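Enquirer: for reference, the sequence and a predicted model appear below.
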Amino acid sequence: MRKRNTESIGEVLKQYFEENPFFRRKLAESRAVTGWAKLLGPMATSYTSNIYYRNGTLYVSLTSSVLRSELLMAKERLITKLNEHAGMHVINDIVFR
């Protein structure tokens, strides 16, 4: 006997995250961190040694001073693009180390 109103696991999880703002925000924060590699590509990611998010700030450790200065000039665009990738405004600042 089969139930008529069955839903896929993906649908149930999506609905759960949409109903719980805490989890939705945490998911967006995670997407912002993983979006770094997707937006900047493999070349820039190869110079990234550590990346983490804390209190609205994305901390990025870079091994190249040249890349660091280039990214500092494009900081506002990066923040906008990462927030778009995350699906909500979660990043207020990026600190390059």
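Expert: Ah, there it is. Numbering: from 1, shown residues only.
Enquirer: how about the strands in this structure?
Expert: Residue ranges of the strands in the chain, as given by DSSP state E, are 48-54, 57-62, 93-96.
Enquirer: please identify the most buried of these.
Expert: Among the strands of the chain, judged by mean count of other Cβ atoms under 10 Å, the one packed with the most neighbours on average is strand 57-62 (a mean of 18). Yep, even glycine has a C-beta here, placed from its N, CA and C like the rest.
Enquirer: which residues are contacting it?
Expert: Here strand 57-62 makes contact (Cβ atoms under 8 Å, 6 or more residues apart in numbering) with 32-33, 36, 47-53, 68, 71, 82, 91-97.
Enquirer: also stretch 66-83?
Expert: The contact list for stretch 66-83 (Cβ under 8 Å, 6+ apart) reads 32, 35-36, 39, 44, 47, 58, 60, 62, 89-94, 96.
Enquirer: please redo it, this time with the cut-off set to 6 Å
Expert: For stretch 66-83, contacts defined as Cβ atoms under 6 Å, 6 or more residues apart in numbering pick out 32, 35, 39, 47, 62, 89, 91, 94, 96.
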